[in-house]
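**Q** below are the sequence and a predicted model; questions follow.
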Amino acid sequence: MKKGKLQNAMKQFASAILQPALILSLIGVILIFGVLLSMDFMPEPLRVIGDFITTVFLEGGFQQLPLIFCVGVTCALTKKKKGEAATVAIVSFLIFVYSNHYWLEFNDMLIEPLEEKGLIGTGQGIVLGMQVVDMGVFLGVILACINAFFLNRFSKVEFKGALALYSGTTFACLMDAIFVFLFGVAMCYVWPLCNQGILALGGFMSTHGVLGLFIYNFLQRFLISTGLHHLIYMPFYYTSLGGTLVLDGATYAGADVIWYAEIANLDKITAIHDSVRYMTCGFAQICGYIGATLAFLKTAEPEKRKAVWTLMLPAAILVLAEGITEPFEFTFMFTAPLLWFVHSVLDGLSQVLIYVLGSRIPMPGGLIDFIWDVMLVPASMSRWYILVACAIPVIVIWYLVFVFFIKKFNLVTPGRPGYELAGDGTSIKDSLGMEQDENENALTGEEDDIIAGLGGKDNITELTNCATRLRVVVKDPSLVDETLINKVKNSGIIRKENNVQIIIGVTVGNLRNRIAERLGLEE
């Protein structure tokens, strides 16, 4: 596989794996609502309802991550017939679980649960009530890749005569089922070896302390331009790589899963699990935004400072409220790559700082989630005040370092020579790609301008999106016309070989769906 195709495949995978994670964040919100209702000061009827909500969404949501990721990633990676892809995903998941379990049983390979810890640390676990090799969320992700391969490869196969019934998706599902059946058996022998590698990596993180934590946070920030940063934090969030916790007879693996289990059982814990250190990127995002913005204003040409402020203000809403950073980061990531490297280093160091000083509260996103967590968890356990106390010093350091590097190396940042600014001001909705009315937006013909700018329908081979970017693979890059693309409001166009990324904003998903409908990519 050529380097460009490999990079594009990795980007598509990173985008696909993010989609079920976003759904889980919504489940987390509902779970928090249940926790609030079940707090001691609530009336008894509300506490009962809260306990019910908490149990359902904890057990039915975060305890079923392999299945959720299997279905979600399969549908995201499958090019067409996504409804049928969901069915195939469920079938493949069930086949794996049963083939794996019964092979272990027939060959006397099932491990007896330990009296206190159950199956934790044995290499086996319970999935849908069946004891199987403990692959965690990797099970769902690997199965999704297998499913997508067979669906994309064989769904167009057609037979004639009596075999016509087995054409298309049916044939792809049959091939997939056979492979997954054999895969379930093979994993009885292969995955224990992989599990040893995963445990070794987890051992590296634990034995190398702050160095390992710095590398984790640096890579998570530095790789955001490629979309591969999701591959850094996801295993730590949802697998034993991020830690394991046995609580009230149940085993939880992954920093995010452990956190929600803890807030659902605050009366049964005395300290926050150490895995929370993998969930503090929001602190660096907010401090970095404020410090960088002040530095951009300081180093900008005086007559352009108003335009710089207009550019940066809209991004503040997403960073501060929800932790969505791309609109901010794209203002300097590609024009000043050295500064982006420095930004990533500061990100890693700042998160190490709050951990070393003793803060034990997650901040994976913006201020809204942080405030909720502060309200939920006693300060004696979360020590949220450490994070707050560190904020201003970190902002100052960010500001001073940015000003130094911008001036020392004459970097191209907002408001400086070589950096193009509209200068006439841009509304918040314009900067984020938001329209006044979604129906009105659908009538603007934006999708037609994008398609024409990308060289027409026949020149587009793949179409995906992440949180703010439209990602396209074209056959002939020379046919791309940025003038036509720029008829649609965007914050930049990034081109590399056959890959084109258009920074649209948070409504990119709606635009992508309309373009896919025009192209006939959805069936």
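**A** Yep, it's here.
**Q** got any ranges where the stretch 51-200 of the chain has weak pLDDT?
**A** Along the stretch 51-200 of the chain, the model assigns pLDDT under 70 to residues 115-117, 120-121, 195, 198-199.
**Q** would you map out the domains in this protein?
**A** Residue ranges for each domain of the chain read 61-207, 275-408, 438-519, as given by automatic domain parsing.
**Q** got these as JSON lines, with mean neighbour count and distance to residue 416 columns?
**A** Glycine gets a C-beta too; all of them are placed from N, C-alpha and C. Below are the domains of the chain laid out as JSON lines (neighbours: other C-beta atoms under 10 Å; distance: least, C-beta to C-beta, whole Å):
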{"stretch": "domain 61-207", "mean neighbour count": "18", "distance to residue 416": "39"}
{"stretch": "domain 275-408", "mean neighbour count": "19", "distance to residue 416": "6"}
{"stretch": "domain 438-519", "mean neighbour count": "17", "distance to residue 416": "17"}
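**Q** out of those domains, which gets nearest to residue 213?
**A** Taking C-beta to C-beta, domain 275-408 is the member of the domains of the chain nearest to residue 213, at 5.4 Å.
**Q** before we move on, the earlier item: quick check: which of the domains of the chain is nearest to residue 52?
**A** domain 61-207 (13.8 Å).
**Q** could you check how far the residue of the chain most remote from its centre is from residue 267?
**A** Going by C-alpha atoms, centre = their mean, the residue of the chain most distant from its centre is residue 161, 45.8 Å out. Residue 161 is 67 Å from residue 267, where distance means C-beta to C-beta, to the nearest Å.
**Q** likewise for residue 513?
**A** As judged by C-beta to C-beta, residue 513 and residue 267 stand 45 Å apart.
**Q** again with residue 149
**A** 47 Å.
**Q** cool, and residue 170?
**A** Going from residue 170 to residue 267 by C-beta to C-beta gives 52 Å.
**Q** for the spatially closest residue to residue 293 that is not a sequence neighbour, which residues are in contact?
**A** Nearest residue to residue 293 in three dimensions, chain neighbours excluded: residue 312, at 4.8 Å (C-beta to C-beta, 6 or more residues apart in numbering). Residue 312 sits next to 293, 296, 328, 331, 414 when contact means C-beta atoms under 8 Å, 6 or more residues apart in numbering.
**Q** which stretches in the stretch 301-450 of the chain count as helices?
**A** Counting by DSSP state H, counting those that start in this stretch, the stretch 301-450 of the chain has helices at residues 305-322, 326-329, 337-357, 367-376, 379-382, 384-408, 428-432, 438-442, 446-453.
**Q** how about those helices in JSON lines, adding mean pLDDT and distance to residue 139?
**A** Shown next, in JSON lines, are the helices of the stretch 301-450 of the chain (pLDDT from 0 to 100; distance: least, C-beta to C-beta, whole Å):
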{"stretch": "helix 305-322", "mean pLDDT": "78", "distance to residue 139": "30"}
{"stretch": "helix 326-329", "mean pLDDT": "74", "distance to residue 139": "30"}
{"stretch": "helix 337-357", "mean pLDDT": "95", "distance to residue 139": "29"}
{"stretch": "helix 367-376", "mean pLDDT": "86", "distance to residue 139": "28"}
{"stretch": "helix 379-382", "mean pLDDT": "95", "distance to residue 139": "32"}
{"stretch": "helix 384-408", "mean pLDDT": "96", "distance to residue 139": "35"}
{"stretch": "helix 428-432", "mean pLDDT": "35", "distance to residue 139": "37"}
{"stretch": "helix 438-442", "mean pLDDT": "41", "distance to residue 139": "37"}
{"stretch": "helix 446-453", "mean pLDDT": "90", "distance to residue 139": "37"}
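**Q** make JSON lines out of those helices and add distance to residue 99.
**A** Output for the helices of the stretch 301-450 of the chain, formatted as JSON lines (distance: least, C-beta to C-beta, whole Å):
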{"stretch": "helix 305-322", "distance to residue 99": "41"}
{"stretch": "helix 326-329", "distance to residue 99": "41"}
{"stretch": "helix 337-357", "distance to residue 99": "42"}
{"stretch": "helix 367-376", "distance to residue 99": "40"}
{"stretch": "helix 379-382", "distance to residue 99": "43"}
{"stretch": "helix 384-408", "distance to residue 99": "47"}
{"stretch": "helix 428-432", "distance to residue 99": "47"}
{"stretch": "helix 438-442", "distance to residue 99": "45"}
{"stretch": "helix 446-453", "distance to residue 99": "44"}
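**Q** out of the ones you listed, nearest to residue 218?
**A** Comparison of the helices of the stretch 301-450 of the chain against residue 218 by C-beta to C-beta identifies helix 337-357 as nearest, at 3.7 Å.
**Q** ok now that closest one, how far from the chain's centre?
**A** 20 Å (C-alpha atoms, centre = their mean, to the nearest Å).
**Q** what residues does it touch?
**A** Contacts for helix 337-357 (C-beta under 8 Å, 6+ apart): 210, 213-218, 220-222, 225, 277, 280-281, 283-285, 287-288, 292, 329, 332-333, 386-387, 390, 394, 397-398, 401-402, 405-406, 409, 411, 413.
**Q** and what of stretch 448-463?
**A** So stretch 448-463 is contacted by 8, 12, 79, 470-476, 479-488, 498, 500, 502, 511-512, 515-516, 518-519, 521 (C-beta under 8 Å, 6+ apart).
**Q** verify the contact between residue 282 and residue 323 for me.
**A** Yes: in this structure, residue 282 is within contact of residue 323 by C-beta atoms under 8 Å, at 4.9 Å.
**Q** and for those two, which residues touch both?
**A** Listed as contacting both residue 282 and residue 323 by C-beta under 8 Å, 6+ apart are 364-366, 369.
**Q** mind saving the C-alpha coords of stretch 325-336 as CSV?
**A** Extracted in CSV, the C-alpha atoms of stretch 325-336 (Å, rounded to 0.1, in the frame of the first residue of the first chain):
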residue,chain,number,x,y,z
THR,A,325,-10.2,22.8,19.8
GLU,A,326,-9.8,22.5,16.0
PRO,A,327,-11.1,25.9,15.0
PHE,A,328,-8.4,27.4,17.4
GLU,A,329,-5.6,25.1,16.5
PHE,A,330,-6.0,25.5,12.7
THR,A,331,-5.3,29.2,13.1
PHE,A,332,-1.5,28.5,13.5
MET,A,333,-0.9,24.8,13.2
PHE,A,334,0.1,24.9,9.5
THR,A,335,1.5,28.4,9.3
ALA,A,336,3.8,28.0,12.3
